[in-house]
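Asker: coords please:
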Amino acid sequence: MPMQDIIAKAREYALNEIKLYGTPKSEHFDLANEKWQMLAKKLGADKDIVMLWTILMDLKLGECFKEWKLQEHVARSSQAAKKFLQDFDIAPEKLTKIISCIEQHHGTPNYLCLEAEICANADCYRFLHPRWVVSAFILFGRRDESTDTALTQVEKKMDEKFSILSLPICKEELTPYYNQFKKFIAEAKSE
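Answerer: The predicted structure is shown next:
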């Protein structure tokens, strides 16, 4: 089966999970794919691996969120992706890279491949780029969080993601946003 057909089936699977559990936001899902593909192209990575990662990385996020087991979403997403991908004829080295991208997207000192480092850095955009920071506030607002709790949660996620950045192209773009939002949050908390 051609890779584009596998990607289409993976997308359908992921969107069904989003529809079933309501998270991650489909807007996050769609916007992220565009940015991550641009990074893959600029850095000479395998765009198919990066695309499959963007689709499968948070496959079980909604399920884990609903069960109050958010810390398990990476492991569960990895297992679900392995099970899903076993039905396709994907070269073992490519399959290993896809799974490492999923498993390492929250950062690691040693990435298995360039694609995994790109994926970890690209995931940081979801909590450091203005479009996604605003979406994060909306998301926490939908969870009936207080303003102070939402500010604290967004700031915590921003700090976590900023510490993962390792690629100069991502650091250069995201550091000014990080600094602006840190200042904004500090001012909002002081009111």
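Asker: please name the nearest non-neighbouring residue to the spatially most central residue of the chain.
Answerer: The centre of the chain sits closest to D123, judged by CA atoms, centre = their mean, with a distance of 3.9 Å. With CB to CB, 6 or more residues apart in numbering as the criterion, D123 has its nearest non-adjacent residue at 4.9 Å, and that residue is H105. Glycine gets a C-beta too; all of them are placed from N, C-alpha and C.
Asker: what strand or helix carries that neighbour?
Answerer: H105 is located outside every helix and strand, with elements delineated by DSSP states H and E.
Asker: any idea how the chain splits into domains?
Answerer: Here the chain is described, according to automatic domain parsing, as comprising the domains 1-116, 124-191.
Asker: buried ones in the longest helix seen in the chain?
Answerer: Counting by DSSP state H, the longest helix found in the chain is helix 168-190. Within helix 168-190, the residues that qualify as buried are 170, 173-174, 177-178, 181, 185, counting by 16 or more other CB atoms under 10 Å.
Asker: who touches it?
Answerer: Outside of helix 168-190, the residues that reach it under the criterion CB atoms under 8 Å, 6 or more residues apart in numbering are 39, 42-43, 121-122, 124-125, 128-130, 133, 147-148, 151, 154-155, 158, 162, 165.
Asker: mind running it again at 7 Å?
Answerer: Helix 168-190 is contacted by residues 42, 121, 124-125, 128-130, 133, 151, 154-155, 158, 162, 165 when judged by CB atoms under 7 Å, 6 or more residues apart in numbering.
Asker: any chance of JSON lines for the buried residues of helix 168-190, columns distance to E63 and pLDDT?
Answerer: As requested, the buried residues of helix 168-190 are arranged in JSON lines below (distance: CB to CB, whole Å; pLDDT from 0 to 100):
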{"residue": "C170", "distance to E63": "29", "pLDDT": "93"}
{"residue": "E173", "distance to E63": "32", "pLDDT": "94"}
{"residue": "L174", "distance to E63": "29", "pLDDT": "95"}
{"residue": "Y177", "distance to E63": "30", "pLDDT": "97"}
{"residue": "Y178", "distance to E63": "30", "pLDDT": "97"}
{"residue": "F181", "distance to E63": "29", "pLDDT": "95"}
{"residue": "I185", "distance to E63": "30", "pLDDT": "93"}
